[in-house]
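Asker: Model the structure of this input:
(chains A and B)
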Amino acid sequence: MSKLKIYNTLTNKKEEFKPINPNHITMYVCGPTVYDFAHVGNARPVVVFDTLARLLRHDYRKLTYARNITDIDDKIIEAAAGGDIAEITNKYTRHYEEDMAALNAEMPDITPKATEYVEDMITLISDLIEKGHAYEADDHVLFQVSTMKDYGELSGRTVEDLLAGARVDVASYKKEAPDFVLWKPSTADQPGWDSPWGRGRPGWHTECSAMIEKNFGNTIDIHGGGLDLIFPHHENEIAQSKCSHGGAALANHWMHNGYLTVDGEKMSKSLGNYVTVHELLEEFPRLGEAIRMCLLTAHYRQPVDFSRDGILQANKQLGKWYKLTEGIEATKPASEVLESLRNDLNTPKAIMELHQLSKDENRKGELLASARMLGLLEREFSNPGSVGINLAHTDIIALVSERAEAKNKGKLAESKEERIKHFARADEIRADLAMLGIKLHDKPDGTTDWE
RNA sequence: GGUGCGGUGGCGGAGAGGCUACGCAGCGGAUUGCAAAUCCGUGUACACCGGUUCAAAUCCGGUCCGCACCUCCA
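Answerer: Next comes the predicted model:
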């Protein structure tokens, strides 16, 4: 068995994964801000890191996987429009968990909520002020980026560049342009918490640092998220944690998934080119698994282009595999699949190996176990098959048997005319049923299946 | 402008110095009254120009093109 290799954004290299404690792996992935439905792009990290979690659970004794819920944020306040933000956040947290479950993503071990960590964030912020890395100004608390020598190690930026490339509108309370908010004041009608700096709420980056410290300590094995979080979000998390922890690394391995694209462009809210998982599941009921497979057909660091055609193609392939593994007991994941995954989570290669396994009569148990390693073929029973709306079950059976009779007569017919007549009737029935979405399959033994 | 990631057969998509995946579609065949399914066979592609090498899609230099981050974003 070869060792797990992971591409590390910190070094821009593929490295051997070296756990802090091989008996207990720690992983933290940035989760959603719950103010709206998640789109398919938001689902990509969920599926990617769920797959990694499955591998880690297979290869190591124990994994604790955390994914946060950001349930305090200006967008949420906006969405609540003066109402109780908990209504919004509860609603969308529930939708998020349902939609991700439809993609066969297991729940992480812990899903900390920002609002439950406000005290810890206040402690962290106070510590940063004490250590001279943060300052209070105008009811805000800001992190002073220039106090950290190695700021920018993840994104390849330098403090000098950031100071030089000052944005057009630098907030008046900032000492320097790159400084970022750790705490901000709340007005009377905005949700807020009491703090040494008045009633207010935490800045976005603060929660992750606080949550990681409380649940895992100074340093975790893997920190993950989308490519767009590298800067500023993860960079600022690193700044907060390192400066508070005397320079200890926040995470040893930083992993970032690429984007889901639409016609080559990033799927995003601001571009308006997004489809929510919720909508998609309504459009393709029960195809969550096919959506998952689509997300895994490309390597996680590469872009993957979203298409409905891709979902249907994946579904077709899954159908074949389901059929092939009907009644088969899952055994052990194939080493080929495991090896592919251990090589920086090469899911496209793993899927290729699945195809190979499906060709081997003797490895169906492995095929099933391997597919499940990827979160696929988890359904226990095959589709019961829905019945057409306009036709009762008995009507279909009647038509199928009428066709069988016509077919039979056609085969036995003496004259050419007779034969054509009967076959024409048989084909007519096939066409009629096809229009209702019912497909007929003649089997070699003379019987006919329909679905 | 800075930084990063890419450009592989009709499409999707691995590989990363020699053995040129895989899937879908296509084509040919078997089977079939028709259809589907299935099976067999079938594809020498790596943006461009130089260089290194016995050997480059893979390494080096340059060119062109695309995307992304630098502002909330998975």
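
Asker: and the closest residue to RNA strand B within the stretch 151-300 of chain A, how many residues sit next to it?
Answerer: Residue nearest to RNA strand B within the stretch 151-300 of chain A: A:Gly226 (1.5 Å; C-beta to the nearest atom of the strand). Where C-beta positions appear, they are placed from N, C-alpha and C, glycine not excepted. When counting by other C-beta atoms under 10 Å, one arrives at 21 neighbours for A:Gly226.

Asker: just A:Pro202 next, same as before
Answerer: A:Pro202 - counted by other C-beta under 10 Å - has 26 other residues nearby.

Asker: Check the gap between the closest residue to it other than its chain neighbours and RNA strand B for me.
Answerer: Leaving aside its sequence neighbours, A:Pro202 sits nearest to A:Met121 (C-beta to C-beta, 6 or more residues apart in numbering; 4.6 Å). Distance of A:Met121 to RNA strand B, computed by C-beta to the nearest atom of the strand, to the nearest Å: 15 Å.

Asker: now swap in A:Gln317 and tell me
Answerer: Taking C-beta to the nearest atom of the strand, one finds A:Gln317 at 6 Å from RNA strand B.

Asker: swap in A:Lys75?
Answerer: Distance, A:Lys75 to RNA strand B, using C-beta to the nearest atom of the strand: 6 Å.

Asker: For that residue, what is the enclosing helix or strand?
Answerer: helix A:74-80 (DSSP states H and E).

Asker: Averaged pLDDT, that helix. What do you get?
Answerer: The average pLDDT for helix A:74-80 rounds to 94.

Asker: And the next helix or strand past it?
Answerer: Scanning forward in sequence from helix A:74-80 by DSSP H and E, the next helix or strand is helix A:85-102.

Asker: Give me the residues contacting that following helix.
Answerer: A:32, A:34-38, A:43, A:46, A:69, A:71-72, A:76-77, A:79-80, A:107, A:115, A:191, A:276-278, A:281, A:288 (C-beta atoms under 8 Å, 6 or more residues apart in numbering).

Asker: Buried only: go through those for me.
Answerer: A:32, A:34-38, A:43, A:46, A:69, A:71-72, A:76-77, A:79-80, A:115, A:191, A:276-278, A:281, A:288 (16 or more other C-beta atoms under 10 Å).

Asker: Can you spell out which helices and strands pack onto the helix holding A:Lys75?
Answerer: helix A:85-102 (3 or more C-beta pairs under 8 Å, 6 or more residues apart in numbering; DSSP states H and E).

Asker: could you point out which element follows the helix it packs on?
Answerer: Scanning onward from helix A:85-102 (DSSP H and E), the first element met is helix A:118-130.

Asker: Mind giving me the packing neighbours of that following helix?
Answerer: Counting by 3+ C-beta pairs under 8 Å, 6+ apart, helix A:118-130 packs on strand A:134-137, strand A:140-143, strand A:180-185, strand A:200-202, helix A:206-216, helix A:235-244.

Asker: Just want the angle from that helix to strand A:180-185.
Answerer: Using axes from the mean of the first three to the mean of the last three C-alpha atoms, to 10 degrees, the inter-axis angle of helix A:118-130 relative to strand A:180-185 is 120 degrees.

Asker: So what's the residue count around A:Glu207?
Answerer: By other C-beta under 10 Å, 28 other residues sit near A:Glu207.

Asker: Next, the contact list for it, please.
Answerer: A:Glu207 sits next to A:Asn68, A:Thr70, A:Pro112, A:Ala114, A:Tyr117, A:Met121 when contact means C-beta under 8 Å, 6+ apart.

Asker: Which helix or strand contains A:Leu312?
Answerer: helix A:308-324.

Asker: is any part of whichever helix or strand comes after that helix close to RNA strand B?
Answerer: Under the assignment DSSP H and E, the closest C-terminal helix or strand after helix A:308-324 is helix A:335-342. No - under the criterion of C-beta under 7 Å from any atom of the strand, helix A:335-342 makes no contact with RNA strand B; the nearest approach is 7.5 Å.

Asker: Enumerate the positions of stretch A:198-214 that are buried.
Answerer: Using 16+ other C-beta under 10 Å as the test for burial, stretch A:198-214 gives A:200-214.

Asker: near RNA strand B, from those residues?
Answerer: A:Trp204.

Asker: Select, from the buried residues of stretch A:198-214, the two members most distant in space.
Answerer: Greatest spatial distance in those: A:Gly200 and A:Ile212, 22.2 Å, computed using C-beta to C-beta.

Asker: Give the bridge partners for A:Leu142, please.
Answerer: Beta-bridge pairing for A:Leu142 (DSSP bridges): A:Tyr135, A:Val181.

Asker: Check which helices and strands the helix holding A:Leu312 is in contact with.
Answerer: Helix A:308-324 packs on helix A:288-296, helix A:347-358, helix A:364-373, going by 3+ C-beta pairs under 8 Å, 6+ apart.

Asker: Mind doing that once more with 7 Å?
Answerer: The contact analysis (3 or more C-beta pairs under 7 Å, 6 or more residues apart in numbering; DSSP states H and E) places helix A:308-324 against helix A:288-296, helix A:364-373.

Asker: Dump those helices to TSV, plus mean pLDDT.
Answerer: Listed next are the helices and strands packed on helix A:308-324 as TSV, based on pLDDT from 0 to 100:
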stretch	mean pLDDT
helix A:288-296	96
helix A:364-373	96
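
Asker: Give me whichever of those is most buried.
Answerer: helix A:288-296 (a mean of 24; mean count of other C-beta atoms under 10 Å).

Asker: mind checking which helix or strand A:Lys149 is in?
Answerer: Judged by DSSP H and E, A:Lys149 forms part of no helix or strand.

Asker: tally of neighbours for A:Asp127?
Answerer: Neighbour tally, A:Asp127, other C-beta under 10 Å: 16.

Asker: who's in contact with the spatially closest residue to it that is not a sequence neighbour?
Answerer: Spatial nearest neighbour of A:Asp127, chain neighbours left out: A:Ser244 (5.0 Å); criterion: C-beta to C-beta, 6+ apart. With contact set as C-beta atoms under 7 Å, 6 or more residues apart in numbering, A:Ser244 has these partners: A:Leu124, A:Asp127, A:Leu128, A:Lys131.
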